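[1] need coordinates for the following:
(2 chains)
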Amino acid sequence: MFGLIGHSTSFADARANARNLGYDDYAEGDLDMWCAAPPQLLERVSVTSPTGTTITGAYIDSVFVPEMLRRFKTAKRKVLKAMELAQKTGIDITALGGFTSIIFEDLNLLKEERVSAVQLDWQRFTTGNTHTAWVICQQVVQNAPHLGIDLANARVAVVGASGDIGSAVCRWLQRQGVGELLLVARRPQPLIDLQASLGGGRILPLDEALGEAQVVVWVASLPESLQIDLAALPRPCLMIDGGYPKNLNSKAAAADVHVLKGGIVEFWQDIGWQMMEVAEMAKPQRQMFACFAEAMLLDFEQRHTNFSWGRNNISLEAMDWIGDASRRHGFRALALEDQPSSTAALAPA
Amino acid sequence: MATLASPLAASPEESALPDFASEAYKDAYSRINAIVIEGEQEAHDNYVAIGTLLPDQAEELTRLARMELKHMKGFTACAANLGVTADMPFAQDFFAPLRNNFQAALAEGKVVTCLLIQAILIEAFAISAYHIYIPVADPFARRITEGVVKDEYTHLNYGQEWLKANRETIRDEFEQANRDNLPLVRTMLDEVAADAAVLQMDKEDLMADFLSSYQEALLEIGFTGREIARFAAAALVG
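    Residues are numbered from 1 along each chain as shown, chains lettered A, B, ... in the order given. Next up, the predicted model:
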């Protein structure tokens, strides 16, 4: 059995979702009430791969909303309690979605030995980052040529390059062969280390990288205050919005700048679930975060282990393995043509 | 997931243990400890009383009741260890609303209500509070509390199993009893929040942990997530 731990994108959305799902009393509650509310197992689904294998899974809402990010203890408890519920439900492998994995990593919850009486078994959880990184790489190589970008000669910037997903994307793209990798991140030292391990790539500040890159992979959360100098971007420009939350579209709306939601996959057939409507997917019956799909893939493959875990452990071998499994079990990366509104509106007149 | 501007600006500092010898700590402890002692005494009395409603279970209930007296002695020793005198009159007042509801239900032979109050609400709260207390307890009390918490699961489990076995017939009474008593848990928590904070037990943690244990018990009994959310809202909303 696979599990997905998710949450609503805002408190307002969470209340609306609660009402839609029949949790009227929660919909009425204030933020303090939501802070104390336990996680909810909202839905059980079964999913069948083109291979004929069927697996069952459960969606757990951590009852976390981004408005709780400033309350460290609450955020921490939300994540650990949701994991505890997944484990008690007997789920073999659960993916941490949205802010859940960010909180897990940033607050270093691996230090937490136990939540109430339950000893968490880390083997049962995955961040899903390996599949996310692989999907983002697919999105780069599949969509750039459609825009007339020749990857072999293109500059590709990775914003958040030294992070878990970012460093994996850099390694994969370097093996693939791109014109030049531009490495962007907040802290200098991890970037220098990354450059050394890659044996290549050029470290640049964000604004300079954006002035040069025909492909920009964003795997960092964007600060609200971030302004992109649209006039300075080379055209055409492919931007893969692989961070969380996905808010690049509003910041990079311009002619011939193509923003693709990164780390999203589409399944080969409809899944009878409600949950991806909560995540505001364009086709909620088929589309989902790649990190969630990783839990499904690990369950299809009966590989019940914390496949993606810790920082910067994602190997090319692991990406290749999860990529093969992804294709075999009917997933494909979201493409520009799947987003009619963004490409049509932003294409040159 | 890597972040360019981490939404979590900084990780919280690990807080040190409280100063167990300070007057402020001992003052707060005199009330919290009294609540625990009184709670264990009342739990003993309540299980014996439930045995009068369920004669075929009386032996098992007496066994459970005896465990509570053992816990009470342990917690009394915790107060002595810190040189604190438990404020028992405070604790007796503290439990009065819940005790009155239990006694009224007992007089009417309402076993479902009695089990909900003692074996679900009180036990779920005790388990959560003990878990939150253990990491911030003095070494002596920590050892005692770790022993106690294991037993309390047996008690929660007893109530859970009986209610589960009688699930078809209990629903209306259970729902009413829940509506009458769950809000009291929140009121009681509010009343001791300041003292609990001195012991480094956070009110929101206590409530959240209680609701998790409570939800888990109700799921086990056979209620659905939506039903439980409706029940829980009685404690959370308003």
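
[2] and the closest residue to chain B within the stretch 1-150 of chain A, how many neighbours?
    Nearest residue of the stretch 1-150 of chain A to chain B (Cβ to the nearest Cβ) works out as residue A:25 at 3.1 Å. In this view, the C-beta of every residue, glycine as well, is placed from N, C-alpha and C. Around residue A:25 there are 19 other residues, counting by other Cβ atoms under 10 Å in any protein chain shown.

[3] need the three-state assignment for it.
    Recorded secondary structure, residue A:25: helix (DSSP: H, G, I helix; E, B strand; the rest coil).

[4] neighbouring contacts of stretch B:189-204?
    Judged by Cβ atoms under 8 Å, 6 or more residues apart in numbering or on different chains, the contacts made with stretch B:189-204 from elsewhere in the structure are A:32, A:35-36, A:73-74, B:15, B:17-18, B:24-25, B:27-29, B:31-32, B:35, B:94, B:129, B:132-133, B:136, B:206-207, B:210.

[5] show me the contacts for residue A:103.
    Taking Cβ under 8 Å, 6+ apart as the criterion, residue A:103 is in contact with A:64, A:69, A:75, A:76, A:78, A:79, A:109, B:8.

[6] equivalent analysis for residue A:168, please.
    Residues in contact with residue A:168 (Cβ under 8 Å, 6+ apart) are A:129, A:130, A:133, A:134, A:312, A:314, A:319.

[7] tell me the one of the contacts of residue A:103 nearest residue A:251?
    When the contacts of residue A:103 are ranked by distance to residue A:251 (Cβ to Cβ), residue A:69 comes first, at 19.9 Å.

[8] grab the nearest non-local neighbour of residue B:65.
    Of all residues not flanking residue B:65 in the chain, residue B:47 sits nearest, at 3.8 Å (Cβ to Cβ, 6 or more residues apart in numbering or on different chains).

[9] phi and psi next, for residue B:18.
    phi -70, psi 160 (degrees, to the nearest 10).

[10] and the lowest-mean-pLDDT helix or strand in chain B, anywhere near chain A?
    Within chain B, no helix or strand scores below helix B:225-236, which has a mean of 79 by mean pLDDT, DSSP states H and E. Yes - Helix B:225-236 lies within reach of chain A by Cβ under 8 Å from any Cβ of the partner chain, at B:225, B:226, B:229, B:230, B:232, B:233, B:236.

[11] rewinding a little: so how far is residue B:177 from the residue nearest to residue B:65?
    Here the criterion is Cβ to Cβ, to the nearest Å. By it, residue B:47 lies 17 Å from residue B:177.

[12] quick check: end-to-end length of stretch A:266-284?
    Taking Cα to Cα, to the nearest Å, stretch A:266-284 runs 9 Å from one end to the other.

[13] contacts for it next, please.
    A:4, A:6, A:8-9, A:13, A:17, A:21, A:42-43, A:45, A:47-48, A:50, A:59, A:61, A:97-98, A:264, A:285-289, A:293, A:330-334, A:338-339.

[14] pull out the buried residues from those residues.
    Buried residues within these, defined by neighbour count using 16 or more other Cβ atoms under 10 Å in any protein chain shown: A:4, A:6, A:8-9, A:13, A:17, A:21, A:42-43, A:45, A:47-48, A:59, A:61, A:97-98, A:264, A:285-289, A:293, A:330-334, A:338-339.

[15] sorry, back to before: how many residues are close by the residue nearest to residue B:65?
    Neighbour count of residue B:47, defined by other Cβ under 10 Å: 27.

[16] tell me which helix or strand it sits in.
    Taking DSSP states H and E as the criterion, the element that holds residue B:47 is helix B:23-53.

[17] which elements pack onto that helix?
    In this structure, helix B:23-53 packs against helix B:58-82, helix B:88-107, helix B:111-115, helix B:167-198, with contacts taken as 3 or more Cβ pairs under 8 Å, 6 or more residues apart in numbering or on different chains; DSSP states H and E.

[18] turn those helices into CSV, including mean neighbour count and distance to residue A:272.
    Formatted as CSV, those follow (neighbours: other Cβ atoms under 10 Å in any protein chain shown; distance: least, Cβ to Cβ, whole Å):
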stretch, mean neighbour count, distance to residue A:272
helix B:58-82, 17, 45
helix B:88-107, 16, 44
helix B:111-115, 23, 37
helix B:167-198, 16, 28
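
[19] could I get these in TSV, plus columns for mean pLDDT and distance to residue A:306?
    As requested, the helices and strands packed on helix B:23-53 are arranged in TSV below (pLDDT from 0 to 100; distance: least, Cβ to Cβ, whole Å):
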stretch	mean pLDDT	distance to residue A:306
helix B:58-82	95	38
helix B:88-107	97	43
helix B:111-115	96	40
helix B:167-198	93	35
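
[20] looking at the ones you listed, which is closest to residue A:324?
    The stretch from those with the least distance to residue A:324 (Cβ to Cβ) is helix B:167-198; that distance is 47.3 Å.

[21] what about the residue in the stretch 201-349 of chain A positioned nearest to chain B, which SS state?
    Minimum separation of the stretch 201-349 of chain A from chain B (Cβ to the nearest Cβ) falls at residue A:220, amounting to 3.1 Å. In the three-state summary, residue A:220 is assigned as coil, counting by three-state DSSP.

[22] thought it was touching residue A:160?
    Yes - counting by Cβ atoms under 8 Å, residue A:220 does reach residue A:160; the two are 3.2 Å apart.

[23] identify the residues contacting residue A:74.
    By Cβ under 8 Å, 6+ apart, the contact set of residue A:74 is A:35, A:64, A:68, B:204, B:208.

[24] is it in a helix, a strand, or coil?
    For residue A:74, the assignment made with three-state DSSP gives helix.

[25] now do it, the pLDDT please.
    At residue A:74 the predicted local distance difference test score is 90.

[26] go on, residue A:33?
    According to the predicted model, the pLDDT of residue A:33 comes to 87.

[27] got it, and residue A:347?
    Predicted confidence (pLDDT) at residue A:347: the value is 37.

[28] what does residue B:5 give?
    The model's pLDDT for residue B:5 equals 46.

[29] now residue A:106
    Turning to residue A:106, the model gives it a pLDDT of 76.

[30] how many neighbouring residues does it have?
    22.
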